[in-house]
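Undergrad: From the sequence below, what's the structure:
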Amino acid sequence: MNRSRPIRLVLVDDHEVVRIGLCAVLDLTPGMKVVGQGGRMEEAKQLCYRLKPDLVLLDIRLPDGSGVDAARMILSNCPKTRVLFLTSFADDHTVIEAVLSGAQGYILKDIASDALIRAIRTVASGEALIDPRLTKHTQEWLRKVYSELGQSKRSLLTPQEQRLLPLVAKGLTNKEIAHDLRLSEKTIKNYLANVYSKLNIGRRSQIAAIYAGSFKGSDALSPSRLTELIKPDRERTTSHVHSC
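TA: Next comes the predicted model:
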C-alpha cells in the first residue's frame with residue numbers, strides 16, 4: 001500500500017519504559033510517526049477519538065480496565081483506526097477475546113523490533129496478523145466459539161438475508177453482491193443493515209466469522225482463514241498528546 005504520509009501511531013501501555021522504548025524504535029523508522037501515547041484505557045479512548053490515528057498499539061491489561069474493551073470502543077468510534085495488540089498475555093481466552101473485539105492483530109512483546117515494524121505495516125495496510133505461536137494453540141477453541149455463534153445467530157436471519165453471508169465472507173463489495181443477486185445496491189445495503197441489527201454486529205468481518213462458524217467440521221478456521229476472518233472491511237479530553 002502506497003502512502004503519501006507516515007503511519008500515525010498511538011501507543012498504549014501502562015509501563016512508561018516500554019512506551020519510551022517503542023517511541024525510540026518507531027520514530028526512527030521511515031514512514032512511521034508516534035502522535036500520542038498513554039498508559040490507561042481512558043487515555044487510549046480519548047487519544048484515538050481526538051487524533052484518529054492509523055493504528056493503535058495496545059496492551060491487553062491496563063490499570064483502569066481492559067484493552068479489549070478499549071478496542072471495541074475505539075473501533076466503534078474510529079472505523080478507520082486499526083488495533084494491533086502488543087502484549088505478554090498468550091492464554092487462549094485472552095487471544096479469543098481480542099479476536100472477537102474486532103482487532104486486526106495480536107502479537108507478543110518478545111517480538112524482535114524488525115518483526116514489530118513489519119507487523120505494524122501489515123496491519124496498517126489493511127491485512128490481519130496473529131502471532132503464529134498463538135494461532136496454533138487457539139484454533140480449536142476459536143472453531144468452537146465461531147460454530148456456536150454461527151449456529152445460533154444465523155437462524156435469526158431471513159432466507160434472503162442469509163444469501164448475503166457467503167458473498168460477504170468472500171469479500172465482495174455491496175456492488176458486486178448486488179450484481180450476483182440481481183438486486184439493487186440500495187437493497188443490499190438495506191439487507192446488510194438488517195443483518196447488522198439482528199446479529200448486533202457492525203463489521204463485515206464478523207459476518208464472515210458467523211458464516212464460517214455455521215459449518216461444523218469445516219476447515220473454515222484454519223490459520224490462514226482465521227486471519228481473513230478478522231481482516232478489516234474494505235468499505236468501512238482529559239488525556240494529553242505526548243511527544244517522543
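Undergrad: drop to CA atoms for contacts and neighbour counts, all remaining ones
TA: OK.
Undergrad: which residue of this structure sits farthest from its center?
TA: R182 (31.3 Å; C-alpha atoms, centre = their mean).
Undergrad: Can you pull the phi and psi angles for that residue?
TA: phi 60, psi 50 (degrees, to the nearest 10).
Undergrad: So for the chain, the centremost residue is which one?
TA: A103 (2.2 Å).
Undergrad: Look at the residue farthest from the centre of the chain and report its pLDDT.
TA: pLDDT for R182: 90.
Undergrad: how much space between it and G126?
TA: According to C-alpha to C-alpha, to the nearest Å, R182 stands 29 Å off from G126.
Undergrad: So which residues of the protein form strands?
TA: Under the criterion DSSP state E, the chain contains strands at 7-12, 32-38, 55-58, 61-62, 65-66, 82-87, 105-108, 129-130.
Undergrad: quick check: mean pLDDT across the longest one?
TA: Okay, so that is strand 32-38. On average, strand 32-38 scores 96.
Undergrad: That strand versus strand 7-12: what angle between them?
TA: Angle, strand 32-38 to strand 7-12, by axes from the mean of the first three to the mean of the last three C-alpha atoms, to 10 degrees: 30 degrees.
Undergrad: on contacts alone, who are the packing partners of strand 32-38?
TA: If contacts are counted by 3 or more C-alpha pairs under 8 Å, 6 or more residues apart in numbering; DSSP states H and E, strand 32-38 sits against strand 7-12, helix 16-26, helix 41-51.
Undergrad: residues of the second one that come out buried?
TA: Neighbour counts using 16 or more other C-alpha atoms under 10 Å place R19, L22, C23, L26 of helix 16-26 among the buried residues.
Undergrad: The third one contacts G36, doesn't it?
TA: No - at 9.7 Å, C23 does not count as touching G36 under the criterion of C-alpha atoms under 8 Å.
Undergrad: Show me how the record splits the chain into domains.
TA: The chain breaks down by automatic domain parsing into domains covering 7-130, 137-229.
Undergrad: looking at those, which is buried most?
TA: Comparing the domains of the chain by mean neighbour count (mean count of other C-alpha atoms under 10 Å), domain 7-130 comes out on top with a mean of 19.
Undergrad: That one: end-to-end distance?
TA: End to end - C-alpha to C-alpha - domain 7-130 spans 20 Å.
Undergrad: Kindly list the main-chain dihedrals of the closest residue to D14 other than its chain neighbours?
TA: Distance criterion C-alpha to C-alpha, 6 or more residues apart in numbering; nearest residue to D14, sequence neighbours excluded, is G39 at 3.9 Å. Per-residue torsions, G39: phi -120, psi 10 (degrees, to the nearest 10).
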